[in-house]
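K.L.:
I need the structure of the sequence given here:
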Amino acid sequence: MKSVALAFLGLLLFAMPAGANDTRTFNAMVALANRGDAEAQYHVGMMHNNGIGTQQDRSQAFEWFQKSAAANDPLGAYKLGCYYDGQGAGVIATDADQALKYKLVAANAGYARAQHDVALMYDRQGNSEEALKWWKLAGDQGLPEALFGLSRAYSAGKGTPRDLSLSYAYFKLAKVPAKNVNEMASMLSKPELEKAEKMVAEWKPQPTALTLKAFAGFTAAEDHLKAAKSQAF
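P.N.:
This next block holds a predicted model:
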């Protein structure tokens with residue numbers, strides 16, 4: 001039965017004209033999602049959320065994110081958390097506890113944006129140590145917002161001893177305007193600046209596979225369909 005469903009999925013992928021790519025992808029994704037594929041359920045939710053291949057419908061998106069999260073897809077859990085965090089206005093009431101719960105699922109799975117969001121939520125709660133931990137994980141992946149959060153934390157000594165060298169390094173890595181970088185550099189001693197510049201020169205972002213998939217967006221959806229199709233034959 002599974003092979004028949006996946007074969008049908010393959011037909012959907014190639015049966016529509018080239019100008020209907022988004023609709024073709026949406027229909028094929030729904031077919032896969034209805035078979036219980038958690039990642040496909042997330043992609044269907046995103047397509048409803050963004051109006052890709054179908055009319056924008058955030059109520060439908062929310063339902064698909066619920067299904068995806070229930071089936072343990074971390075990106076589905078993240079988007080469900082976003083809806084509870086205010087993106088679902090008019091669909092679901094804001095609920096900070098639910099937002100944190102679901103975003104933590106994705107953060108623990110390695111998604112950089114979820115880690116940054118979790119850091120912000122802990123920071124608002126006054127839990128600076130926990131915020132710093134999650135900003136560091138997201139910053140190590142190269143997320144500019146998280147790098148900026150780290151810079152602010154080290155500058156203010158929030159959750160960590162104050163360290164202007166680290167603050168400057170993360171500030172520069174966050175790709176802020178050069179004028180602001182130069183202004184901050186002038187506040188450091190020569191040894192502090194040398195230490196920071198060495199860190200910047202040696203630093204390399206290390207995004208996880210989950211982060212790369214999330215940032216790939218629609219391309220990741222198409223890749224998932226191709227992978228499902230290859231398993232059908």
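
K.L.:
what segments of the chain are helices?
P.N.:
Along the chain, counting by DSSP state H, helices occupy 2-15, 21-33, 38-50, 58-70, 74-82, 96-109, 112-125, 128-140, 144-156, 164-173, 178-185, 190-202, 209-216, 218-231.

K.L.:
and the angle from the fourth one to helix 74-82?
P.N.:
Yep, that's helix 58-70 we're talking about. Orientation of helix 58-70 against helix 74-82 (axes from the mean of the first three to the mean of the last three CA atoms, to 10 degrees) gives an angle of 130 degrees.

K.L.:
give me the number of residues near Val181?
P.N.:
16 (other CB atoms under 10 Å). Backbone N, C-alpha and C define where each C-beta goes, glycine included.

K.L.:
ignoring the adjacent residues along the chain, who's closest to it?
P.N.:
Using CB to CB, 6 or more residues apart in numbering and skipping residues adjacent in sequence, the residue nearest Val181 is Lys172, 5.2 Å away.

K.L.:
quick check: that neighbour touching Ala196?
P.N.:
Yes - the criterion here is CB atoms under 8 Å, and Lys172 meets it with Ala196 at 7.4 Å.

K.L.:
per-domain residue ranges of the chain.
P.N.:
Per the record, the chain has its domains at 2-111+210-231, 113-202, by automatic domain parsing.

K.L.:
now the ones you listed as CSV including mean pLDDT?
P.N.:
Shown next, in CSV, are the domains of the chain (pLDDT from 0 to 100):
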stretch, mean pLDDT
domain 2-111+210-231, 88
domain 113-202, 96
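
K.L.:
picking that back up, contacting residues for the residue nearest to Val181?
P.N.:
181, 196, 200 (CB atoms under 8 Å, 6 or more residues apart in numbering).
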